[in-house]
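mind folding the following:
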Amino acid sequence: MNKTVLKSMEIIKLFFKEEKLTLLQMIEKTGLPKTSAYRMAESLLELGFLEKDQEGAYRLGLIFLALGNLVADRLDIRSVALPYMKRLRKETGEAVNLVIRDGDEAVYIEKVDTQERVRVYTQIGRRAPLYGGACPRILLSFMEQDEQEQLIESFQMIRYAKGTPENKEELRQLIQKTRKNGWSISHSELEDHSSALAAPIFNHKGDVIAGISLVGPEVRFRDEARAKEMIEKLIEASRQISVELGAGDR
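Here you go, the predicted model:
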């Protein structure tokens, strides 16, 4: 590998932990000769990878902000999530859905169907209210509290099935429980006799950007031991997807 590139990367990595460094500090930390360190630092400065403050100390340039945003924006959550969704289906036998928020609704953008004969069918593009069903509600539960409360106040609580939350106070209690647990569960909220388990997916900013869920007939989700096992696998999948999207190891 090119030694100059490697040494330049060594300098850049110093700023992963330090906000700014003088040339002398860079020399001390890298062990580079003064002339080499100066030449590399000035080259990185000219390229925009570093910048100088008024005291002459170096810090990372704004180009990293632009590059970071580009990487984050170009990560397709569906392509990142799909392998984990397929693994979840294999491990649990249940269907797996992926939803994102669109206004006051959740939109189903990807799915992996179960091989079981008795199943709950979900169509890509389907919309659901954020207050109904485990996966839509996971998006509501982990958003900023002010925005969350504004949405709750705006909801007209329509009863889609026998288990749909009846009022806003019940919804707030479900949200509180979801945030405490880190996952949500629903029974007969959007369709009678159907159940779902859901977990949040976070981006590099720590914002919830999607929900992933296991969905199936209610009878298969009422078994506490089986549900606990599915929850563990679901949470691990959501964590790994979040890490790939830059959220860090939560």
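
tell me where the protein has helices.
Using DSSP state H, the helices of the chain run over 3-14, 23-30, 34-47, 63-74, 77-92, 134-141, 145-154, 168-181, 218-221, 224-244.

count of neighbours near the residue lying closest to Ser186 once chain neighbours are set aside?
Leaving aside its chain neighbours, Ser186 sits nearest to Ala134 (4.0 Å; criterion: Cβ to Cβ, 6 or more residues apart in numbering). (C-beta placed from N, C-alpha, C; glycine too.) Other residues near Ala134 number 27, with proximity taken as other Cβ atoms under 10 Å.

can you pull the contacts of Ala134?
Shown in contact with Ala134 (Cβ atoms under 8 Å, 6 or more residues apart in numbering): 184-186, 189, 195-198, 213.

before we move on, what about Lys168?
Residues counted as contacts of Lys168 (Cβ under 8 Å, 6+ apart) are 152-153, 155, 157.

which among those count as buried?
Buried by 16 or more other Cβ atoms under 10 Å: 152, 155, 157, out of the contacts of Lys168.

Asp207: which of these is nearest?
Proximity of the buried ones among the contacts of Lys168 to Asp207 (Cβ to Cβ) peaks at Ile152, which lies at 18.5 Å.

measure the closest one to Ile235 for me?
Distance of Ile152 to Ile235, given as Cβ to Cβ, to the nearest Å: 25 Å.

what do you get for Ile185?
12 Å.

what does Gln115 give?
From Gln115 to Ile235 the distance is 23 Å (Cβ to Cβ).

what does Tyr38 give?
From Tyr38 to Ile235 the distance is 49 Å (Cβ to Cβ).

so where's the protein uncertain?
1, 69-75, 117-119, 121, 249-250 (pLDDT under 70).

okay, which residue is most central for it?
Closest residue to the average C-alpha location of the chain: Phe202 at 1.9 Å, with Cα atoms, centre = their mean.

list the contacts of that one.
Taking Cβ under 8 Å, 6+ apart, we find Phe202 in contact with 142, 208-209, 242, 245, 247, 250.
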